[in-house]
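1. build me a model from this:
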Amino acid sequence: MTTLRWERAPLLILAVATLLLAAWAGIVRIGWDWPALFPALPMSHGPLMVGGFLGTLIGLERAVGVQKRWAYAGPLLTGVGGLLLIAGAPTGWGALLMLLGSAVLVAVFAGIIRTVPALYTVAIGLGALLWTLGNGLWLAGWAIPQVVLWWAGFLVMTIAGERLELSRMLRLSPTASRLFTAATALFVAGLLVSLAEYAPGVRLAGLGMLALAAWLARYDIAWRRLKAGGQARFVAICLLSGYVWLAISGLLALVYGGMTAGPFYDAILHALFLGFVFAMIFGHAPIIFPAVLGLPIRYSPWLYSHLILLHLTLLLRVGGDLLFWMPGRQWGGLLNGVVLLLFLGNTLASLKGKRQKEEAKV
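-> Numbers count the residues shown, from 1 in each chain. Here you go, the predicted structure:
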């Protein structure tokens, strides 16, 4: 029997509230004449989405996993940092708190790696380190386009490392592990090069994303869960469709790597952060929510609604970007926000049922 963990709920609520405000900021930034709600909100869209929402959510999940009270300082710091950005406090304060929060996550993984020194723990810990370095660059005054790929590295390596962990069930060959390491090295090399030469670095990182997408598509255990049906199949489809968007983002970065604003830049980032990352979130929400809150989730085929609409609305947005079709870009961005609301609604509705007995994890 599961027990609701009320003490964790405020951090999760803070993360979700930040997600909603970040989505609103994105809609304003894409050109809709909506009220900004808070003067500083539109300019904080990216940091709020990555640090305020995803950083807080992942930090909370890790704190629950290691069962150490000090680990909760991480999501608390990033969540409060997001609040400061929303309130319009000087950017340095929000950036400082997010830097400290990400440093806590690095400390969490330092302990995990000491206990389990494996390629997958190192990969996930590397993701936390890339996030921390990106936050340090941001605090030092580097522009968002120069640090956003470091934030992306946090999410890419976290997800890739988690999938590598589960792929151990397939008894991967040494060649598969070497290919994973090579793809990771290529991506990180791109980040480092971008500090001195932005366009070549972004293109190299894009090549690394393509390599990681190819590795995941080839070696992920999700392929073997497609025939399982039910929730297992839903999670597998979320994952595999997300890898397509990772590859698309990598390809776009390879072609348009010198962009720091405009439609091509928008397409690169949202193929990654919406198409790849949120497909992963949609797939793992039935696992994360029970772990964090102790609440059971009932699987329903209705969960496919927000997954399908995510891909359709993102195709509209990215297509609008690439074709310089502003109505498509704007409507795609607006509908992306609607999809996030649908996802939250479907997830809340699923919390009312009893946990199914079938295996949910793939």
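2. going forward, measure contacts between C-alpha atoms and count neighbours the same way
-> Fine.
3. just the element for the residue sitting nearest the centre point of the chain, please.
-> Among the residues of the chain, the one closest to the centroid is Val277, at 4.0 Å (CA atoms, centre = their mean). Val277 is part of helix 277-293 when elements are defined by DSSP states H and E.
4. and that helix, what other elements does it pack with?
-> Here helix 277-293 touches helix 56-66, helix 144-167, helix 230-256, helix 326-350, going by 3 or more CA pairs under 8 Å, 6 or more residues apart in numbering; DSSP states H and E.
5. after the lowest-mean-pLDDT helix or strand in the chain, which helix or strand is next?
-> Of all helical and strand segments in the chain, the minimum by mean pLDDT, DSSP states H and E falls on helix 277-293, at a mean of 81. Scanning forward in sequence from helix 277-293 by DSSP H and E, the next helix or strand is helix 304-322.
6. quick check: Leu164 touching Asp220?
-> Yes - between Leu164 and Asp220 there is a contact at 7.4 Å, judged by CA atoms under 8 Å.
7. re the thing from before, now mean neighbour count and mean pLDDT too, for the helices and strands packed on helix 277-293, in CSV please.
-> Formatted as CSV, these follow (neighbours: other CA atoms under 10 Å; pLDDT from 0 to 100):
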stretch, mean neighbour count, mean pLDDT
helix 56-66, 22, 89
helix 144-167, 21, 92
helix 230-256, 23, 93
helix 326-350, 19, 92
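8. would you list those helices in a markdown table and tack on distance to Leu130?
-> Below are these laid out as a markdown table (distance: least, CA to CA, whole Å):
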| stretch | distance to Leu130 |
| --- | --- |
| helix 56-66 | 14 |
| helix 144-167 | 6 |
| helix 230-256 | 18 |
| helix 326-350 | 26 |
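9. those helices: which one's closest to Tyr198?
-> Closest to Tyr198 of the helices and strands packed on helix 277-293 is helix 144-167 (CA to CA; 7.4 Å).
10. elements contacting the closest one?
-> Using 3+ CA pairs under 8 Å, 6+ apart: helix 144-167 touches helix 119-139, helix 174-196, helix 198-219, helix 277-293.
11. the same query, at a cut-off of 7 Å, please.
-> Contact analysis of helix 144-167 by 3 or more CA pairs under 7 Å, 6 or more residues apart in numbering; DSSP states H and E lists helix 119-139 as its packing neighbours.
12. the helix it packs on vs helix 174-196, what angle?
-> When axes from the mean of the first three to the mean of the last three CA atoms, to 10 degrees is applied, the directions of helix 119-139 and helix 174-196 differ by 10 degrees.
13. for helix 119-139, give me every contacting residue.
-> 92, 95-96, 98-99, 102-103, 105-106, 109, 113, 147, 150-151, 153-155, 157-158, 161-162, 164-165 (CA atoms under 7 Å, 6 or more residues apart in numbering).
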